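Student: okay, here's the prediction I keep looking at, along with the sequence it came from:
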Amino acid sequence: MNQTKTRRISYFSEKGRFLLFALFLIFVLFVAYYLFQMAYARYEMNASLVANIDKALYIFDTDEIRFNLDPDGIIPSNEPYTYRFSVANFNESNDSDVDISYHVTIRTTTNLPLTIQLYRNQLPTDSGAVSIIGSAQDVQDEDGAWYHVYDVATDYEMYYANETTDYYTLVINFPAIYAADMTYVNSIENIEVTLNSEQMI
Amino acid sequence: MKVVFNKKIVIFLIVAFSIAFLYFGAKGTYTAYESIVNGKVGNKISQIHLKVNGEELESNDNVIVIDDVTWTSTHTRTGKLSPGSTGNFQFELDPTGSEVAILYEIELIDKTVDSTKMVTFQNVTCDRTLVRTSANVYSGIISLSDIQSSLKTHVTVYFAFLDDGDIEGIQEDNQVFDDFFEVHLHVLQYQGEELVAYTG
């Protein structure tokens, strides 16, 4: 009985000594860390530098220039159909800060026998008015569909120093001779005008 | 034995009482003018000071706005940033008043580091020794002799708004400072570290 008690006491005292040692070690480490920090502390500051930059705005403001011509909207007639759109280098609140050049392309489906003319800053009725597009090129897309593509040879420019608006008039002729032709009764023609602009460099 | 123990205590008390009596008695007899001077002796704590473009750094949240960015642009309104523009800005480090040497690190955050940034840094120059210590970190030292000589450090950062062919035009002036680039300046008390050049 006495031997067992002695062993227990010995066991607990050994455990206690270990615990005491561990606590002491932790304490020493804390003190050492604190002293280390004290010894090696140094001044430190941080700052962020940011730039106040004026951004050049790129304003190329266009109207809706993609539309469909369906049998309800267009019928064979000797009177041409006209559509107007414009493009500007400013809007209600800002002017463009860069010079811009742009290119005009018209693509139509080949469903209706249309002839197309495009006038820039002119009306078709103006004396000396000249269409800026020539004859169409037939182009096939990836899906095999055919299109008429009218390309404007000239790239037009707009300079930031001036507020500029270019007005375009698209004239579509669907001659009356097709009125009796039932081939086009249910056909829809899609016309897409693309103005591809970029900053001049 | 018990009697002897008590005697010792009694003798000890008598001696102690006697000494105390003699001490206080003598103090009363020989009273003299007396003055006590209390003073604190301590070392003056050295301080670090650094001004960036004239603004004293005080905390860890300093924001320095650089207003004098120089641009070179074509077909663009003067002073405006557009794709293809190149530019530079300079900032001055003034350690006047600092009592410790300074180690500074300039971290450049541009489009190569953060793709949301608009400009790309192209070069960094300095009228003092500046070591590229990381891909986008440049470090320099302002020694105590530099400070005593009132030498200021001027760092110039050159950058470009590269036209990679697919940049969407800025339609509204709603960008914030951080959209273009960030420069972080980390200032430390110099403790003799060696600046190791980045080898990539």
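Tutor: On my side now, so go ahead.
Student: over to the residue in chain A positioned nearest to chain B: give its phi and psi.
Tutor: With C-beta to the nearest C-beta, the shortest gap between chain A and chain B falls at A:Tyr58, namely 2.6 Å. Heads up, the C-betas are built off the backbone N, CA and C, glycines and all. For A:Tyr58, the backbone dihedrals are phi -110, psi 100 (criterion: degrees, to the nearest 10).
Student: and the nearest residue to it once chain neighbours are set aside, how many residues sit next to it?
Tutor: Of all residues not flanking A:Tyr58 in the chain, B:Gly169 sits nearest, at 2.6 Å (C-beta to C-beta, 6 or more residues apart in numbering or on different chains). Residues within reach of B:Gly169, counting by other C-beta atoms under 10 Å in any protein chain shown, total 18.
Student: all helices for chain A, in order.
Tutor: For chain A, helices defined by DSSP state H occupy the ranges A:2-40.
Student: residue ranges in the chain under the pLDDT threshold?
Tutor: The chain I'm using is chain A. Per-residue confidence for chain A (pLDDT under 70) gives these ranges: A:1-12, A:34-40, A:63-73.
Student: oops, I was thinking of chain B
Tutor: B:1-6, B:22, B:24-43, B:165-166, B:174-178.
Student: ok, the closest residue to chain A within it to A:Pro175 distance?
Tutor: The minimum distance from chain B to chain A, using C-beta to the nearest C-beta, falls at B:Gly169 (2.6 Å). From B:Gly169 across to A:Pro175, the span is 42 Å (C-beta to C-beta, to the nearest Å).
Student: repeat that for B:Asp110.
Tutor: 61 Å.
Student: compare these two (neighbour count), which wins?
Tutor: Using other C-beta under 10 Å as the criterion, B:Asp110 and A:Pro175 rank with B:Asp110 on top: 21 against 13.
Student: got the residues of chain A near chain B?
Tutor: Taking C-beta under 8 Å from any C-beta of the partner chain as the contact definition, chain A meets chain B at A:40, A:42-60, A:94, A:97-99, A:160, A:199-201.
Student: and these, which of them are in strands?
Tutor: Those of those mapping onto strands are A:44-51, A:199, per DSSP state E.
Student: contact partners for A:Thr62?
Tutor: The contact partners of A:Thr62, by C-beta atoms under 8 Å, 6 or more residues apart in numbering or on different chains, come to A:85-88, A:195.
Student: so which of the residues you listed wins on neighbours?
Tutor: In these, the most neighbours by other C-beta under 10 Å go to A:Val87, 22 neighbours.
Student: which residues touch that one?
Tutor: Contacts for A:Val87 were tallied using C-beta under 8 Å, 6+ apart; they are A:60-63, A:102, A:165-166, A:168, A:195.
Student: give me that answer again for 7 Å
Tutor: A:60-62, A:102, A:166, A:195 (C-beta atoms under 7 Å, 6 or more residues apart in numbering or on different chains).
Student: and the end-to-end length of stretch B:162-170?
Tutor: From its first residue to its last, stretch B:162-170 covers 15 Å (C-alpha to C-alpha, to the nearest Å).
Student: same deal with stretch B:160-168?
Tutor: With C-alpha to C-alpha applied, stretch B:160-168 spans 16 Å between its terminal residues.
Student: how near is the closest residue to B:Val155 other than its chain neighbours to B:Val187?
Tutor: Using C-beta to C-beta, 6+ apart and skipping the chain neighbours, the partner closest in space to B:Val155 is B:Cys126 (4.9 Å). Counting by C-beta to C-beta, the gap from B:Cys126 to B:Val187 is 15 Å.
Student: higher neighbour count, these two?
Tutor: Between B:Cys126 and B:Val187, counting by other C-beta under 10 Å, B:Val187 is the more crowded of the two (25 against 17).
Student: surely B:Leu162 and B:Phe121 touch.
Tutor: No. Applying C-beta atoms under 7 Å as the test, B:Leu162 and B:Phe121 come out as separate, 10.8 Å apart.
Student: looking at the two, which one has more neighbours?
Tutor: Looking at B:Leu162 and B:Phe121 with other C-beta under 10 Å, you find the greater number of neighbours at B:Phe121, namely 20 against 17.
Student: that one touches B:Leu108, doesn't it?
Tutor: Yes. Here B:Phe121 reaches B:Leu108: they are 5.0 Å apart, a contact under C-beta under 7 Å.
Student: could you pull up the residues touching the closest residue to B:Phe161 other than its chain neighbours?
Tutor: The spatially closest residue to B:Phe161, leaving aside those adjacent along the chain, is B:Ser85, at 4.6 Å (C-beta to C-beta, 6+ apart). Shown in contact with B:Ser85 (C-beta under 7 Å, 6+ apart): B:71-73, B:76, B:160-161.
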